[in-house]
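Asks: compute the structure for the input listed below.
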Amino acid sequence: MQDNRYNLITDGPIAKGLSSLFFPILFGTFFQQLYNIADSIVVGKLIGKKALAAVGGGTSQIIGLIIGFVIGVSAGSGVLISQYYGNKDLENTKKSIDSAIIMSLAASIAITILGVYLTPFLLRLIKTPEDIFALSESYLKLYFTGSSMMIIYSMISGIFRSIGDGRRPLYPLVIGSILNVFLDLLLIGHFNLGVSGAALATVLSQTFCCIYSLFLLRFTHPELEFHFRGMSFKKEKAKKMLRMGIPIGIQAMMFTVSKLFLISGINAFGSDTAAAWAVYTKLDTIYYTVLSAFSMSITAYVGQNYGAGKTQRAKKAVRKTLLFSAIYTLSVSLLYTTKSEWIYSIFTFDEGVIGIGHEIVMTIAPFLLIYLPLEILTGAIQGEGKIFVPTLTSIFGICFFRVIWLYTGANFIPTIGGLLLCYPLSWVINSTIITIYYLYRRQEAK
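Replies: Presented below is the predicted three-dimensional model:
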């Protein structure tokens, strides 16, 4: 089994190797995001638009800010693991896996404490409307209480991807997603627990995924000799993973920090706009789920092939990934721009929210193709173990530019559309920088 996976990624047909990574990651990330989407649909229909705004929009960005950094660090761990595994160095692969799991456990404890403690401050920071503040606070505190399960599961899932096995993490996710929907309906619809019920359903489902995935790693990959009691922490491996992971974590945070500033501007337009933005974040999640699967696939693919010394094969895979993801992006852009009002009606009956949502979609969705190189080429560069430039680009091209726009350009266009122009404009800047850097590296390698 091990040799087949290895040959498929480093020796077999490129498209088939990419598919073996892409489709499991796609289904996995889809079911993972289904947690929050299910919460939003059930909450929006059964409780109302204020509860919908409370569990989406600003709260989801706060979750992304704190947890996203940890997941970014996990991605750095995956790069190192994939390179060792691609080079058939099982001893260092095992040591890296043990160290990565132990680090995720320690980080999850810190995130739980910080998340619960900082929730009121963060909600005030993004100017959460008073009529949804209590609901948002209740949802976030309960979510962070159980966030450790999600953090550990994300690390385990990344380990599976790094060794070329994206299929097995699907098992807990599929069952967990179905469990989450059932618990949403039970806790909200039957027991009337409101947004706390939505958070509790997510926490319980993620706990199941975490425990199940740990046992899968233990019993389905005997070559890794993973044991719960036999895990050992290797400082040198941890340093290497943190050296790669911290910049990726910072990069993830920069996206979220800019969104938090943006949320404060969106919340100033009132709870209807907050609800409309909460729905758009779900549409963005649907799009990004697939694009992220392309990006994570190319990171793992490039990582293993660079570890095996097959750089030209990795570059061909990047070109194929760009083509496939461009076809997907154009399709989504067309769907969102032509069917936005119908899509919004799935989440809410409120005509005002639907109208604002249409304006939001028309400001962002037509320009999704511009964002594409940023995600795919960054994934390829990170697979090589080169982290600095993508991180620096995110800090200046995403965070700084968007914040500057919110306090300058948006003042000349005082509408929700004017505020959201920071998205396509920042994409132009970042995609240009990353594309030039990637092409320059290709020329240097020749």
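
Asks: make it CA atoms for all contacts and neighbour counts henceforth
Replies: Noted.

Asks: what residues are up against Ser333?
Replies: By CA atoms under 8 Å, 6 or more residues apart in numbering, the residues touching Ser333 are 365-368.

Asks: so how far is the one helix or strand it maps to off the chain centroid?
Replies: Using DSSP states H and E, Ser333 sits within helix 311-347. Relative to its chain's centre, helix 311-347 lies at 16 Å (CA atoms, centre = their mean, to the nearest Å).

Asks: pull out the buried residues from it.
Replies: With burial defined by 16 or more other CA atoms under 10 Å, the residues of helix 311-347 counted as buried are 311, 313-315, 317-318, 321-322, 325-326, 329, 332-333, 336-337, 340-341, 343-344, 347.

Asks: which elements pack onto whichever helix or strand comes after that helix?
Replies: The C-terminal neighbour of helix 311-347 among helices and strands, as given by DSSP H and E, is helix 351-364. Of the remaining helices and strands, those touching helix 351-364 by 3 or more CA pairs under 8 Å, 6 or more residues apart in numbering; DSSP states H and E are helix 271-307, helix 311-347, helix 416-420.

Asks: make TSV out of those helices and add distance to Val174.
Replies: Shown next, in TSV, are the helices and strands packed on helix 351-364 (distance: least, CA to CA, whole Å):
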stretch	distance to Val174
helix 271-307	15
helix 311-347	22
helix 416-420	34
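
Asks: using CSV, write out every CA atom in stretch 210-225.
Replies: C-alpha atoms of stretch 210-225 as CSV (Å, rounded to 0.1, in the frame of the first residue of the first chain):
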residue,chain,number,x,y,z
CYS,A,210,-10.6,14.0,16.3
ILE,A,211,-10.8,10.7,18.2
TYR,A,212,-11.7,8.6,15.1
SER,A,213,-8.8,10.1,13.0
LEU,A,214,-6.2,9.3,15.7
PHE,A,215,-7.3,5.7,15.7
LEU,A,216,-7.2,5.6,11.9
LEU,A,217,-3.6,6.9,11.9
ARG,A,218,-2.7,4.3,14.5
PHE,A,219,-4.1,1.3,12.8
THR,A,220,-4.0,2.0,9.0
HIS,A,221,-0.4,3.0,8.6
PRO,A,222,1.7,0.3,10.4
GLU,A,223,4.8,1.5,8.5
LEU,A,224,4.7,4.7,10.6
GLU,A,225,4.6,2.7,13.9
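
Asks: and for that stretch, what's in contact with it?
Replies: With CA under 8 Å, 6+ apart as the test, stretch 210-225 has contacts from 2, 90, 93-94, 149-150, 152-153, 156-157, 160, 168-169, 172, 226-228.

Asks: and that stretch, which residues are buried?
Replies: Judged by neighbour count (16+ other CA under 10 Å), stretch 210-225 contains these buried residues: 210, 212-214, 216-217, 224.

Asks: same check, this time on stretch 278-293
Replies: Here stretch 278-293 shows 278-283, 285-293 as buried, counting by 16+ other CA under 10 Å.

Asks: give me the distance from the helix or strand Ala238 falls within to the chain's centre.
Replies: Taking DSSP H and E as the criterion, Ala238 maps to helix 235-267. Here the centre of helix 235-267 is set off from its chain's centre by 11 Å, with CA atoms, centre = their mean.

Asks: cool, and stretch 145-161?
Replies: On the basis of CA atoms, centre = their mean, stretch 145-161 is displaced by 12 Å from the centre of the chain it belongs to.

Asks: mind listing residues that contact it?
Replies: If you take CA under 8 Å, 6+ apart as the criterion, stretch 145-161 is touched by 21, 25, 67, 70-71, 74-75, 78, 81, 97, 100-101, 104-105, 108-109, 111-113, 115-116, 166, 168-169, 203-204, 206-207, 209-211, 213-214, 217, 300.

Asks: what subset of those is buried?
Replies: Those of the contacts of stretch 145-161 that meet the buried threshold are 21, 25, 67, 70-71, 74-75, 78, 81, 97, 100-101, 104, 108-109, 111-112, 115-116, 166, 168-169, 203-204, 206-207, 209-210, 213-214, 217, 300, by 16+ other CA under 10 Å.

Asks: how about a markdown table for the buried residues of stretch 210-225, with secondary structure, pLDDT and distance to Leu260 added?
Replies: Shown next, in a markdown table, are the buried residues of stretch 210-225 (DSSP: H, G, I helix; E, B strand; the rest coil; pLDDT from 0 to 100; distance: CA to CA, whole Å):
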| residue | secondary structure | pLDDT | distance to Leu260 |
| --- | --- | --- | --- |
| Cys210 | helix | 89 | 28 |
| Tyr212 | helix | 92 | 33 |
| Ser213 | helix | 90 | 32 |
| Leu214 | helix | 87 | 33 |
| Leu216 | helix | 89 | 36 |
| Leu217 | helix | 87 | 36 |
| Leu224 | helix | 80 | 40 |
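
Asks: between those, which is nearest Thr391?
Replies: Cys210 (29.0 Å; CA to CA).
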